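J.: Sequence plus predicted model, see below.
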Amino acid sequence: MNVKRLLGLDTNAARYTFGVDPTVGYTSTQRMADEWIATTCGYCSVGCGMFIGVKDGRAVSVRGNDDHPVNRGMLCPKGLSEHHTLAAPGRATTPLLKKNGKLAPTTWPNALETMVKRFKAVQDAHGPDAVGVISTGQLVTEEFYALGKLVQLGIGTRNYDGNTTLCMSTAVSGYKRSFGSDGPPGAYDDFEHADVIVLIGANIADNHPILCRRLEANPHGTLIVVDPRVTKTAMLADLHLPIRPRADLALLNGLIHVVIEEGLVDRDYIAAHTTGFDELRESVREYTCERVAEITGLTPELVHRTALIYAKARSAFIAWTMGVNHSTKGTETVNAINNLALITGNIGRAGAAPFSITGQCNAMGTREAGFASSLPGYRAFENPDHRAELARLWHVPIERIPDSRGLAYPDIIEAALDRRIRALWIIATNPVVSFPNLNALTQALQGLDFLVVQDGFHPTPTSEFADLMLPAAIWGEKEGTYTNSERRVSKVNRACAPPGEARTDFDIFLDVAEAIGVRDAIFPGWEGPRDAFEEWKRVSAGRLCDYSGMTYEALDALGGIQWPFPVGATNPEASRRLYTDGVFQTSDGKARLLPTTWEPFPEQPTSDYPLVLNTGRTVEHWHTRTKTAKVPILDSLVPEAWVEMNPRDARMLKLKPRERVDVVSRRGRVRGIELRLTETIAAGQVFVPFHFAEANANEATQGAFDPISREPNYKQSAVRVERTMR
Ligand code: SF4
């Protein structure tokens, strides 16, 4: 393969086209497609490569891309049925404006003019920051980049955040504190190269299913799964540590304590590449195996043995997801993971990394190019050099670049509750199902002067609150890029047109800028996503997330490229891992070892609420089911919510399997869901999937947040379970 040519470094390069007929070897049904469009899955952050089969302008099939380095042809049930989302019932097809209390069709010009007028009226009366914007991890990076510019330089509010704060902001904060920058250091290949793989709070069998195939490719590696439940992933483990809820931070400090006491640290790595070791050693003294055993429910011997297994590995890989992130101690837990990796030198090598697995298909894109918790290109609001650099790149005065971030997602909701925020623009997310403590959220939305909801579907539980509904294109109907969990930027391509009058989010952002009168100033000469990509390449140049050497053509042909990939780079393998030289993004180039402190979770069980509620996902559904409820095969596999309970608790409560029960917390009640009795959950705990608007687990969850990342503590709420009254 002529990589140089694909990267545009060969001036004679012709436009790349696939040299192989992608339908070779497939069934006659699949061959019904006239054309196969290469793209990337739009659900989770694994970032599987696939083809959409198109016939007569409609998506009729999908299949995995055998040549894609991420999934090697495989897809999970959601990916395999993804084309059904495009022609699903309930697609939003026309702008709707509320009139006499009801949403009614309107034109795009009137919709945009009304939106801009109402936002301006709010800002004139209450200040620029009285408008808030909440976006998503579902857009393409080009759209995030455009939206960030539009919000900050066009609308002029700092109060912009994404639903990524509900899932990944903890990993971002943890990486920034330890390494000086966001950015997962490892790669999926590490699953295959590691001697020891530790998964903490990461049920990848349900949440990131194709990654399980990487475990299969490493039959000699030892898999340790740390999870209060015996999840499908725990069933794959060589060693399952069924810790008590939120005991992860104590366990990690206990492992660090043992590693230090046993002299298993990598002294050379610590001396050359870290600061803070003495303080860390002092801070973990109290985390003896006996104390950690009391907190976690494991035995002291098991804590000790686990530490030795990890520290004696030639390469050890720790990956985590929401079990760690969804916690008021989440950022500190990420720092403890990073501490353990750093003191054993398990970073920057094959099979060795502390690796956050992201949730949404392009949560990483908004982290890199958005304008929410960082300035674009992982620049810091508080760094004057970073602001000056951005101002220079955008030809605007430095005063236009804010020197601090605005409100995070939960704080935008709180500001709406107390009327500091009066107008809100919600893009491609469904907080009425996904936000914790639903009652507070609905009060906030009802109290707004003006709510704009932009989504590919209507009605959704959130769009029903809207004063203005903007219909948007979804995956399969637009072009751009996604970044997956291993920093791989992959191409997303359009296979068919959006329905009715729906437009791409990118076009909507350009049109809003036009209506405000700033389009030429902030999007000079832009016509399509490629223009945004070219500008973003310049803005990212020289940063850790450097895209400047990429081209759309190379991304299409190679199945994505991991950043950093600067101008002139020709070897996509060179960016497989970060920090291979041990130089971090801090002022002195050294990683920070940070003391952390375990605390019990905030809402402890009581006699009225004696059980600990855990929430999570199932493989068949995606987030709030806006899409997957409309895919018949997925909906028929898992049509409704349930609660899992240990049989001992059920006996005490005199409940029988398959009875209808309510899960009740101080804040609300999840009504009439099926009771499933299983030993996979410990006595004293219950589990409810969070996908279902009809039986919304977030009726019961609490409004407690990590003080650093602002991520919600979804995982442990005190509840009781009682028979549903008819
Ligand atoms: Fe899509 Fe994730 Fe399934 Fe891959 S694992 S097909 S990216 S949902």
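T.: Received the coordinates, thanks.

J.: Do you have the helices of the stretch 301-450 of the chain handy? List them.
T.: Defined through DSSP state H, counting those that start in this stretch, the helices belonging to the stretch 301-450 of the chain, from first to last, are 322-325, 330-343, 363-369, 384-394, 409-417, 431-434, 438-446.

J.: for the ligand, what are the nearby residues on this structure?
T.: Residues of the chain lying near the ligand by Cβ under 6 Å from any ligand atom: 41, 43-44, 46-48, 71, 75-76, 78-79, 208-210. Just so you know, the C-beta spots here come from the backbone N, C-alpha and C atoms, and that holds for glycine as well.

J.: quick one on the thing from earlier: would you mind giving the helices of the stretch 301-450 of the chain as JSON lines with distance to Asn713, mean pLDDT and mean neighbour count added?
T.: Listed next are the helices of the stretch 301-450 of the chain as JSON lines, based on distance: least, Cβ to Cβ, whole Å; pLDDT from 0 to 100; neighbours: other Cβ atoms under 10 Å:
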{"stretch": "helix 322-325", "distance to Asn713": "10", "mean pLDDT": "93", "mean neighbour count": "28"}
{"stretch": "helix 330-343", "distance to Asn713": "8", "mean pLDDT": "98", "mean neighbour count": "28"}
{"stretch": "helix 363-369", "distance to Asn713": "19", "mean pLDDT": "92", "mean neighbour count": "29"}
{"stretch": "helix 384-394", "distance to Asn713": "31", "mean pLDDT": "97", "mean neighbour count": "15"}
{"stretch": "helix 409-417", "distance to Asn713": "11", "mean pLDDT": "95", "mean neighbour count": "22"}
{"stretch": "helix 431-434", "distance to Asn713": "15", "mean pLDDT": "91", "mean neighbour count": "24"}
{"stretch": "helix 438-446", "distance to Asn713": "14", "mean pLDDT": "92", "mean neighbour count": "17"}
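
J.: would you list those helices in TSV and tack on distance to Trp475?
T.: Shown next, in TSV, are the helices of the stretch 301-450 of the chain (distance: least, Cβ to Cβ, whole Å):
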stretch	distance to Trp475
helix 322-325	22
helix 330-343	29
helix 363-369	13
helix 384-394	29
helix 409-417	23
helix 431-434	18
helix 438-446	26
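
J.: Next up, phi/psi of the closest residue to the ligand within the stretch 501-650 of the chain, please.
T.: In the stretch 501-650 of the chain, no residue comes nearer to the ligand than Trp622, which is 7.3 Å away by Cβ to the nearest ligand atom. Backbone torsions of Trp622, given as degrees, to the nearest 10, read phi -120, psi 120.

J.: how many neighbours does it have?
T.: 24 (other Cβ atoms under 10 Å).

J.: Quickly note the distance from it to Thr504.
T.: Going from Trp622 to Thr504 by Cβ to Cβ, to the nearest Å gives 20 Å.

J.: and if you look at Ser315?
T.: 43 Å.

J.: Who has more neighbours out of those two?
T.: Thr504 (23 against 19).

J.: OK, contacts around that one?
T.: 143, 472-473, 477-478, 498 (Cβ atoms under 8 Å, 6 or more residues apart in numbering).

J.: Select from those the one having the most neighbours.
T.: Glu143 (31 neighbours).

J.: Around the residue of the stretch 151-300 of the chain found nearest the ligand, count how many other residues there are.
T.: With Cβ to the nearest ligand atom, the shortest gap between the stretch 151-300 of the chain and the ligand falls at Ile210, namely 3.9 Å. Using other Cβ under 10 Å, Ile210 is surrounded by 21 other residues.

J.: check contacts around the residue in the stretch 251-400 of the chain that the ligand sits nearest to.
T.: Using Cβ to the nearest ligand atom, the single residue of the stretch 251-400 of the chain nearest to the ligand is Cys361, 6.7 Å away. Residues counted as contacts of Cys361 (Cβ under 8 Å, 6+ apart) are 40-45, 47, 137-138, 475, 482, 484.

J.: Pull out the buried members of these.
T.: Buried by 16 or more other Cβ atoms under 10 Å: 40-45, 47, 137-138, 475, 482, 484, out of these.

J.: mind giving me TSV with these and columns for secondary structure?
T.: Below are the buried ones among the contacts of Cys361 laid out as TSV (DSSP: H, G, I helix; E, B strand; the rest coil):
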residue	secondary structure
Thr40	strand
Cys41	coil
Gly42	coil
Tyr43	coil
Cys44	strand
Ser45	coil
Gly47	coil
Gly137	coil
Gln138	coil
Trp475	coil
Tyr482	strand
Asn484	coil
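
J.: Let me have the residues you listed in a markdown table, extended by pLDDT.
T.: Putting the buried ones among the contacts of Cys361 into a markdown table (pLDDT from 0 to 100) gives the following:
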| residue | pLDDT |
| --- | --- |
| Thr40 | 97 |
| Cys41 | 97 |
| Gly42 | 96 |
| Tyr43 | 95 |
| Cys44 | 95 |
| Ser45 | 94 |
| Gly47 | 97 |
| Gly137 | 89 |
| Gln138 | 91 |
| Trp475 | 97 |
| Tyr482 | 97 |
| Asn484 | 97 |
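
J.: And those residues, which is closest to Gln702?
T.: Among the buried ones among the contacts of Cys361, Gly137 lies closest to Gln702 (Cβ to Cβ), at 23.0 Å.

J.: ok, which stretches of the stretch 151-300 of the chain are helices?
T.: Going by DSSP H, counting those that start in this stretch, the stretch 151-300 of the chain shows helices at 169-179, 189-193, 204-207, 212-216, 232-235, 248-261, 267-273, 277-283, 289-296, 300-312.

J.: Same list, those helices, but as CSV with mean neighbour count, mean pLDDT and distance to Gly559 please.
T.: Compiled in CSV, the helices of the stretch 151-300 of the chain are given as follows (neighbours: other Cβ atoms under 10 Å; pLDDT from 0 to 100; distance: least, Cβ to Cβ, whole Å):
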stretch, mean neighbour count, mean pLDDT, distance to Gly559
helix 169-179, 26, 95, 24
helix 189-193, 22, 96, 14
helix 204-207, 21, 94, 21
helix 212-216, 17, 92, 16
helix 232-235, 18, 96, 26
helix 248-261, 25, 98, 34
helix 267-273, 14, 98, 32
helix 277-283, 16, 98, 40
helix 289-296, 20, 98, 41
helix 300-312, 19, 98, 32
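
J.: quick one, which of those is nearest to Ile52?
T.: Across the helices of the stretch 151-300 of the chain, closest to Ile52 is helix 212-216 (Cβ to Cβ), at 21.9 Å.

J.: got the CA coordinates for the closest one in CSV?
T.: Output in CSV follows, covering the C-alpha atoms of helix 212-216 (Å, rounded to 0.1, in the frame of the first residue of the first chain):
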residue,chain,number,x,y,z
CYS,A,212,-13.7,-9.4,23.9
ARG,A,213,-12.3,-10.9,20.8
ARG,A,214,-8.9,-9.3,21.7
LEU,A,215,-9.0,-11.3,24.9
GLU,A,216,-9.5,-14.5,22.9
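
J.: Can you tell me the closest non-neighbouring residue to Arg658?
T.: Nearest residue to Arg658 in three dimensions, chain neighbours excluded: Glu674, at 5.9 Å (Cβ to Cβ, 6 or more residues apart in numbering).

J.: Alright, I will stop here.
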